[in-house]
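>>> predicted model, plus sequence, below.
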Amino acid sequence: MNIGLIAHDSKKKLMQNFCIAYRGILCKHELYATGTTGRLIEEVTNLTIHKYLAGSLGGEQQLGSQIEQNQIDLLIFLREPINPKSHEPDVNQAIRLCDMHNIPLATNLATAELLIKSLDRGDMEWREFYK
């Protein structure tokens, strides 16, 4: 499965910790991330991440293009819901694309954990048929 990873600046450490905790599951899949998030995850997990540009420089659009082409099976976008900075990726675009293309999306840690555990159990195999 292809997993997309995006994190607003205030959530990057949380994303690193999430990827450390679920490294055993994530290592079985292809991982795609915006530039800075991908680099930070690689530094602490040694996972291989396909990195795009930084989110504010077009990385979110690059990942969005993959979503539009049905090449992402699950997206984890840990976002700052109260005060996102103007240079951070726009969460609404990611949500819209995931809704349009029926791609599971987590925007917080609780949902991310549910989706990762579901992935590990094999509950996401329907994505292979959906493609």
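Structure's in. What do you need?

>>> okay, the closest residue to residue 14 other than its chain neighbours and residue 129: tell me how far apart.
Taking C-beta to C-beta, 6 or more residues apart in numbering, and ignoring the residues beside it in sequence, residue 14 has residue 78 as its nearest neighbour in space, at 5.7 Å. (Glycine included, C-beta is placed from N, CA and C.) Counting by C-beta to C-beta, to the nearest Å, the gap from residue 78 to residue 129 is 28 Å.

>>> neighbour count winner among those two?
residue 78 (23 against 6; other C-beta atoms under 10 Å).

>>> thought that one was touching residue 9?
No - no contact is recorded between residue 78 and residue 9 when judged using C-beta atoms under 8 Å, the distance being 10.5 Å.

>>> packing partners for the helix ranked longest in the chain?
The helix of greatest length in the chain, counted in residues with DSSP state H as the criterion, is given as helix 109-121. Using 3 or more C-beta pairs under 8 Å, 6 or more residues apart in numbering; DSSP states H and E as the contact test, the elements touching helix 109-121 are helix 12-21, helix 23-26, strand 74-78, strand 105-106.

>>> got the CA positions of the very next helix or strand once past it in CSV?
Sequence order places helix 126-130 as the next helix or strand after helix 109-121, per DSSP states H and E. Presented in CSV, the C-alpha positions along helix 126-130 are these (Å, rounded to 0.1, in the frame of the first residue of the first chain):
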residue,chain,number,x,y,z
TRP,A,126,-10.4,-3.4,-0.5
ARG,A,127,-8.1,-0.6,-1.9
GLU,A,128,-6.5,-3.1,-4.3
PHE,A,129,-9.9,-3.8,-5.8
TYR,A,130,-10.9,-0.1,-5.8
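
>>> quick one: mean pLDDT for helix 126-130?
Helix 126-130 shows an average pLDDT of 78 in the prediction.
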